[in-house]
Every structure is written in C-alpha cells, then in structure tokens.
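Novice: Quick one, structure for this:
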Amino acid sequence: MPESPETHIIDYRAAEQLLAARDPRGAVKLLDSVIASHPENTAARLLRARAFFAAAQLRPAELEFELVLEREPDNAFAHFALARTFERSGRPEQAKRHFRLAAALDPKPEYLQAARFDSNASDS
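Specialist: Residues are numbered from 1 along each chain as shown. Next up is the predicted model:
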C-alpha cells in the first residue's frame with residue numbers, strides 16, 4: 001500500500017492507541033515511517049519519545065525529547081518527560097534542571113512537586 005498523508009495520520013493515531021494499550025514498541029514501529037516522511041513533525045517525535053521512554057529505551061527517548069525542546073523550548077511536558085528520562089538514567093542534576101523548567105513554564109502540581117522547590121533551598 002503506498003504511503004500518503006492519510007496513511008501517516010492513521011499510523012500516528014494507531015501509535016497513540018498502541019502506547020495507551022502499553023505496546024510502546026509497536027508505537028515506535030508505526031511512528032518510524034511517519035517521522036521518516038515528516039521529520040519536522042514535532043507531535044510525532046514527542047509521541048515517539050514517550051514510546052521510547054515507556055519501552056525503557058532511555059537514550060533514544062532522551063534524543064527525541066531534546067529534539068522536541070530544540071523546536072519548542074517552552075514545551076513544559078517535554079521538559080518534564082526529559083527530566084524523568086534523566087532521573088531513570090541516574091542523572092539527578094540534569095533531571096532537576098528540567099523539572100524546574102517544566103514547573104516554571106507550567107505550574108501543574110505534578111511538575112511543582114517534581115521540581116522540589118521547597119526542599120533543599122540551599123542547593124538551587
């Protein structure tokens with residue numbers, strides 16, 4: 001079946017469903033073709049980063065989240081997700097920076113709690 005813009009939209013939506021159904025590797029496979037055809041599509045890259053993270057492929061997740069942030073430096077979710085990736089990778093200082101950026105950009109309770117602004121004020 002030849003690829004078309006409609007095929008990519010269907011693949012993107014199917015990848016969202018696969019990720020929700022806890023099949024991140026399946027989601028990555030679908031998103032690879034979408035991103036190959038549309039490398040500028042930040043939404044597809046963000047979804048693929050989330051899928052990599054869910055599949056515990058931390059280095060690819062980190063690279064995708066960083067690419068999203070190059071394009072959208074004010075994306076609070078991408079900062080938060082990159083921080084979680086750093087946290088899982090055992091890099092707490094890098095994680096703290098991005099948790100705090102996420103909280104500064106969007107003061108959601110989850111982001112504020114992760115940023116730990118209230119604890120260890122001397123280490124900020």
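
Novice: C-alpha only now, for contacts and for neighbours.
Specialist: Will do.

Novice: Quick check: next helix or strand after the longest helix along the chain?
Specialist: For the chain, the helix that runs over the most residues, judged by DSSP state H, is helix 5-20. Scanning forward in sequence from helix 5-20 by DSSP states H and E, the next helix or strand is helix 24-37.

Novice: now that following helix against helix 5-20, angle please.
Specialist: Angle between the axes of helix 24-37 and helix 5-20 is 150 degrees (criterion: axes from the mean of the first three to the mean of the last three CA atoms, to 10 degrees).

Novice: give me the number of residues near residue 117?
Specialist: 15 (other CA atoms under 10 Å).

Novice: How much space separates it from residue 95?
Specialist: 13 Å (CA to CA, to the nearest Å).

Novice: Likewise for residue 62?
Specialist: Taking CA to CA, one finds residue 62 at 11 Å from residue 95.

Novice: ok, now residue 73?
Specialist: 16 Å.

Novice: Can you name the element that comes right after whichever helix or strand residue 66 is part of?
Specialist: Secondary structure assigned from DSSP H and E places residue 66 in helix 58-71. Using DSSP H and E, the helix or strand that follows helix 58-71 towards the C-terminus is helix 76-88.

Novice: Any idea how far the next helix or strand after that following helix is from the middle of the chain?
Specialist: Note on helix 76-88: by DSSP H and E, the next helix or strand toward the C-terminus is helix 92-105. Remark: helix 92-105 is offset 14 Å from the chain centroid, using CA atoms, centre = their mean, to the nearest Å.

Novice: Go through helix 92-105 and flag the buried ones.
Specialist: 95-96, 98-103, 105 (16 or more other CA atoms under 10 Å).

Novice: would you list those in TSV and tack on distance to residue 55?
Specialist: Listed next are these as TSV, based on distance: CA to CA, whole Å:
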residue	distance to residue 55
95	19
96	23
98	21
99	21
100	25
101	25
102	23
103	25
105	27
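
Novice: Could you dump those residues into JSON lines with distance to residue 11 and pLDDT added?
Specialist: JSON lines is the format used below for these (distance: CA to CA, whole Å; pLDDT from 0 to 100):
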{"residue": "95", "distance to residue 11": "31", "pLDDT": "98"}
{"residue": "96", "distance to residue 11": "34", "pLDDT": "97"}
{"residue": "98", "distance to residue 11": "30", "pLDDT": "98"}
{"residue": "99", "distance to residue 11": "31", "pLDDT": "98"}
{"residue": "100", "distance to residue 11": "34", "pLDDT": "97"}
{"residue": "101", "distance to residue 11": "32", "pLDDT": "98"}
{"residue": "102", "distance to residue 11": "29", "pLDDT": "98"}
{"residue": "103", "distance to residue 11": "32", "pLDDT": "98"}
{"residue": "105", "distance to residue 11": "31", "pLDDT": "98"}
